[in-house]
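Asker: Build me a model from this:
(2 chains)
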Number of protein chains: 2
Amino acid sequence: MILTVALNAALDVTYRVEGTVSPHETHRVTSMTEAAGGKAVNTARVLHIFEEPILVSGLVGGDTGARILSLIPPRIKHLFGTISGESRRALVVADTEDATGFWEPGPVVSAAEWDAFRERFSGLVKISAIVVLSGSLPRGLPEDAYAQLVRIAREAGCTTILDCEGAPLTAALAERPDVVKPNATELAGAVPDIDIRSDADVVAAAERLRKAGAGAVIASRGGAGIVAVTDEGAWSAAPPEVIVGNPTGAGDACVAAIARGFNHHQTWPELLRDAVAMSAASVRAPIAGHVEVRDFLRLRHDVKPTSLSH
Amino acid sequence: MILTVALNAALDVTYRVEGTVSPHETHRVTSMTEAAGGKAVNTARVLHIFEEPILVSGLVGGDTGARILSLIPPRIKHLFGTISGESRRALVVADTEDATGFWEPGPVVSAAEWDAFRERFSGLVKISAIVVLSGSLPRGLPEDAYAQLVRIAREAGCTTILDCEGAPLTAALAERPDVVKPNATELAGAVPDIDIRSDADVVAAAERLRKAGAGAVIASRGGAGIVAVTDEGAWSAAPPEVIVGNPTGAGDACVAAIARGFNHHQTWPELLRDAVAMSAASVRAPIAGHVEVRDFLRLRHDVKPTSLSH
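Answerer: The predicted model follows:
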C-alpha cells in the first residue's frame, strides 16, 4: 500500500472568464470547475491511474473540507482527520491568455488536532509500505511536523518520500527520509551558498542534503529533466523532446513515479527514467495533474539516464 | 411584516491580498471574509438594524446555499426554498488600491423548483404587508418571474417594491408594482430613446415607466441624489454633503428606506428624504451595506426634498 498525506489539502477551483483579467474591474465567470487538490491528492490520482494500491490521508475541515472529500474519485480510498478550521481553496482564474492565482491562507491546526492526526498516522503506516509526504504545512503545525511523520513511518519500516521546501524540509532531513524531491528553486533555497547552474552543481547541492540525512535526492529541473543522487551513484535524465503544455502538477506526477518505482523494486536508472517520462506526460495532458498511460509508455521508451558518477 | 426576496442569493466572499492584483501572477490571500449577500439580503440587514419586522425568502442550493443561510444574522428570520443547483459566490479581491470582482454564474433553477417557490411565496405574502423584490434572476427562471411575483403579492394586498433591471423590469411593469427603483444606468436601459442628463430628463423617463404600469419611480443618481416621480407629484433630493466611502450596497439601503417609509406611512417627501440619507449613511459605513443609525439620523436632518412638479 502507498500512503500519501495531504496535511494542507485544497479545493482547486478554476474560474473561466472572457477576455483577460483586468485589475479593479468586475468579471463574469462563464464556467467554474472544482477538484480535490493539494500535492498529495494529485500524486494519489496519478498512482490510481496506474492501478497502484493507494490510500490518501491528511487533514480537512469545514464545508470546503467536506467538498474536497466528496471530489476525491470514489475508487481512491481515503482516511482523513477532521479539523475545526476551514480547508483552503486554491483559486485559478483562467482567461484567454493565462492564469491568475489566489491562494487562501487555509486553516490553523490546533495542537490537539495534530496529536490526533499523528495517532491516526501511526496506525496507517502499519498497513503501508511506502509513505509520500508532500506540500505545504497548514498554520499551527510545528516546523518539524514532517520530521515527526518521517520518524513514525521509518519506525514502522516504511519507505518515506518527502516533497516539501524550506524549514520543514531542513528539519526533516535529520530523520533520514529515503527520498527528497526538491525542484530547482527549492534546492537552491535549501543550499543557498551553492550557485546551481550545471548538473554537477545539482549533485554538489544534493550531496549536502544527503550529508544532512536524506537517503536519495531526486532534483527536478523543469524542461531540463531530473538529476538523481543516491548511495549507488548519480544519474541525469531529460525528456526526449520539448514538451509543451501545463506544468501544474508535473512535480506531483514525478513523485507518483518515484513511489511506483519503489513499489516495483525498480533500479535507480529505471525509476529516474519513469519519473522523467511521468512528469513529461503530465505536462502534455490537457487536464492539470492528469497522465495518459499511453503517453507515459511512449515517452519513457526514449528517456536514457546518463551516469554522473566518476 | 416586510418580506424581501433573494431569488439569486449569493455568498459574498472578500479576499484581501498584499500589493495590487497582477494578471497572470499568483497571490497569497492574507485574509478572507464571508457574508450572506444578494440585494434582498442586504436590504433585510439594513431593515433589521432599524428594528423593522422582517422576513427573508428566496432560493438557495448546495453547500454555498447552506453557508449563506448560516451567515444570515440569527435575529433575521428567513424561509428560503431549496434548489438542487449550487448558489453562487460573489468574490471581491481587495488590494491596497481598489477591488477586483469575479461573479460566479450561479445555479439553474428548474420549472418544478420555481413552481414550488411560487407556492411558498403565495403563503408568505399572506403574512406580509410589504414585499421587496430585488436583484438578478438566476438562470432557468422566466423573464416574467418578477411579474408573476408582483401579481401574487398584489392579489394578497401587499405593497410591492421592485429593484431589478432589463427584461425582468420591463415585463413586471404590466403587473403594476407600487414602486420601481432603477439607478441611472438601469433607467437609461429601460428608456433608451431618452438622453438622461437633467432631473427633468429623469422625470420624463420615469413617467414612461409609470405609463407602462409602475405606481411610483424612485430613481437613484449616485452622488447627485434621488428623484421620485409619483401620483402625487415629483421631487428631487440630494445628500447634504459629498459622501466619501464604499457605494456597494447603497442601492439596497435606499430600498430599505423605501420599505420602511411605507411601513411607517410616510409622505413621499419624507420617504425620499430618508432614502437619500440611508444611501448616504451606507456609503459612509466602513462595512459595505451597513448603516449607522446615528449617521442616518444626522444626515436626514439636512436633506431637503424639492418639488419638481409644475
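Asker: all helices in chain A, in order from the N-terminus.
Answerer: Remark: helices assigned in chain A by DSSP state H are A:39-49, A:62-71, A:111-124, A:145-155, A:166-173, A:184-190, A:199-211, A:250-263, A:268-284, A:293-301.
Asker: Relative to the whole chain's centre, how far out is the second one?
Answerer: What that stands for is helix A:62-71. Using CA atoms, centre = their mean, to the nearest Å, the mean C-alpha position of helix A:62-71 is found 20 Å from that of the whole chain.
Asker: thinking again about what came up before, right, and the helices of chain A - which one's nearest chain B?
Answerer: helix A:62-71 (4.9 Å; CB to the nearest CB). Any C-beta I mention is one placed from the backbone N, CA and C, and that applies to glycine too.
Asker: neighbouring contacts of the closest one?
Answerer: Applying CB atoms under 8 Å, 6 or more residues apart in numbering or on different chains, the contact partners of helix A:62-71 are A:9-11, A:34-38, A:41, A:60, A:78, A:80, A:82-89, A:107, B:63, B:66-67.
Asker: List only those of these flagged as buried.
Answerer: Buried residues within these, counting neighbours by 16 or more other CB atoms under 10 Å in any protein chain shown: A:9-11, A:34-38, A:41, A:60, A:78, A:80, A:83, A:85-89, A:107, B:63, B:67.
Asker: Sort out which residues of stretch A:183-191 are buried, please.
Answerer: Under the neighbour-count criterion of 16+ other CB under 10 Å, stretch A:183-191 has A:Asn183, A:Ala184, A:Glu186, A:Leu187, A:Ala188, A:Ala190, A:Val191 buried.
Asker: Taking the stretch 101-250 of chain A, what residue is nearest to chain B?
Answerer: Residue of the stretch 101-250 of chain A nearest chain B, by CB to the nearest CB: A:Gly101 (3.6 Å).
Asker: ok, and the closest non-adjacent residue to that residue?
Answerer: Among residues not flanking A:Gly101 along the chain, B:Thr26 sits closest, at 3.6 Å (CB to CB, 6 or more residues apart in numbering or on different chains).
Asker: For burial, what's the neighbour tally of the one you found?
Answerer: 12 (other CB atoms under 10 Å in any protein chain shown).
Asker: Repeat that for A:Leu55.
Answerer: If you count neighbours by other CB under 10 Å, A:Leu55 ends up with 17.
Asker: Ok, A:Ser307 next?
Answerer: That count, for A:Ser307 with other CB under 10 Å as the rule, works out to 11.
Asker: Distance from the chain centre to the biggest strand by length in chain A, please.
Answerer: If you go by DSSP state E, chain A has its longest strand at strand A:26-37. Here the centre of strand A:26-37 is set off from its chain's centre by 24 Å, with CA atoms, centre = their mean.
Asker: Quick check: which helices or strands does that strand pack against?
Answerer: Contacts defined by 3 or more CB pairs under 8 Å, 6 or more residues apart in numbering or on different chains; DSSP states H and E place strand A:26-37 against strand A:10-17, helix A:62-71, strand B:99-103.
Asker: Could I get the average pLDDT for the first one?
Answerer: The reference is to strand A:10-17. Strand A:10-17 carries an average pLDDT of 95.
Asker: Equivalent analysis for the shortest one, please.
Answerer: This predicted structure assigns strand B:99-103 an average pLDDT of 93.
Asker: go on, the longest one?
Answerer: If you average the pLDDT over helix A:62-71, you get 94.
Asker: circling back: now for the residue of the stretch 101-250 of chain A closest to chain B: which residues touch it?
Answerer: Shown in contact with A:Gly101 (CB under 8 Å, 6+ apart): A:Ala90, A:Leu91, A:Val92, A:Val93, B:Glu25, B:Thr26, B:His27.
Asker: re the thing from before, contacts for the longest strand of chain A, please.
Answerer: By CB under 8 Å, 6+ apart, strand A:26-37 touches A:9-18, A:21, A:67-69, A:71-72, A:90, A:93, B:100-105.
Asker: Filter the residues you listed down to the buried ones.
Answerer: Buried members of the contacts of strand A:26-37, counted by 16+ other CB under 10 Å: A:9-17, A:21, A:67-68, A:72, A:90, A:93, B:100, B:102-104.
Asker: and A:Thr14, what are its bridge partners?
Answerer: Beta bridges link A:Thr14 to A:Thr33, A:Val92 when assigned by DSSP bridges.
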